[in-house]
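Participant: Below: sequence and its predicted model.
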Amino acid sequence: MATRPLFFSFRDAGAGIASIWLSERNFRVLIVAAAAALWLGWAFEFLVWEWVALLLMVVVTLSLELLNSALEALTDLYQPDVHPLARLAKNAAAGAVLLSAAAAVAVAALTFGTRLPRAVALLAAALGSAPQALAAAAIAGLIAASCAAPLRRGGRAH
């Protein structure tokens, strides 16, 4: 069996992430939250350990959301009708994402801590300045457009 070039593996992985971006609202919300947290980490000049904690939680939470979406798609493929085991599988995967997101909030509380009032002020100031406000509005428009017309994979919720 011939092996495919490594590039194709990266291309397929990127296509999977793009597909989930287009079809899953929760993934888009997590991406926006991660981008805001990363921007604030940069603005606050995080220490190395703070970056490690933040990046670890971002990657773990986004990865779990990707796995949750994959499991939901496979469940719908093999069990299109409502079934208690399908419901259990989907709920357990969603629970894993919820636990990770809760841990991410805890890490954010620990790393941002007393900086939180300043974080709110920084975000407000960024939205108040003209060039940054235009950029924020453009990003919000892109997010709104992607939320308004998501791809549907079909199947039923369990």
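Facilitator: Here it is on my side, so go on.
Participant: Check which element follows the helix or strand hosting residue 87 along the chain.
Facilitator: Using DSSP states H and E, residue 87 sits within helix 84-112. Going down the chain from helix 84-112, the next helix or strand is helix 116-128, by DSSP H and E.
Participant: On the three-state scheme, the nearest residue to residue 119 once chain neighbours are set aside is what?
Facilitator: What sits nearest to residue 119 in space, not counting adjacent residues and going by CB to CB, 6 or more residues apart in numbering, is residue 40, at 5.2 Å. In short, each C-beta sits where N, CA and C put it, glycine included. Here residue 40 is helix, with the state taken from DSSP: H, G, I helix; E, B strand; the rest coil.
Participant: doesn't residue 112 make contact with residue 40?
Facilitator: Yes - between residue 40 and residue 112 a contact is recorded at 6.8 Å, counting by CB atoms under 8 Å.
Participant: what sits in contact with each of the two?
Facilitator: Shared contacts of residue 40 and residue 112, defined by CB atoms under 8 Å, 6 or more residues apart in numbering, comprise residue 119.
Participant: And residue 121, how far from residue 115?
Facilitator: 10 Å (CB to CB, to the nearest Å).
Participant: and for the two, which residues touch both?
Facilitator: By CB under 8 Å, 6+ apart, no residue touches both residue 121 and residue 115.
Participant: Let me see the contact set for the spatially most central residue of the chain.
Facilitator: Closest to where the C-alpha atoms of the chain average out (CA atoms, centre = their mean) is residue 30, at 3.0 Å. Residue 30 makes contact with 61-62, 65, 101, according to CB under 8 Å, 6+ apart.
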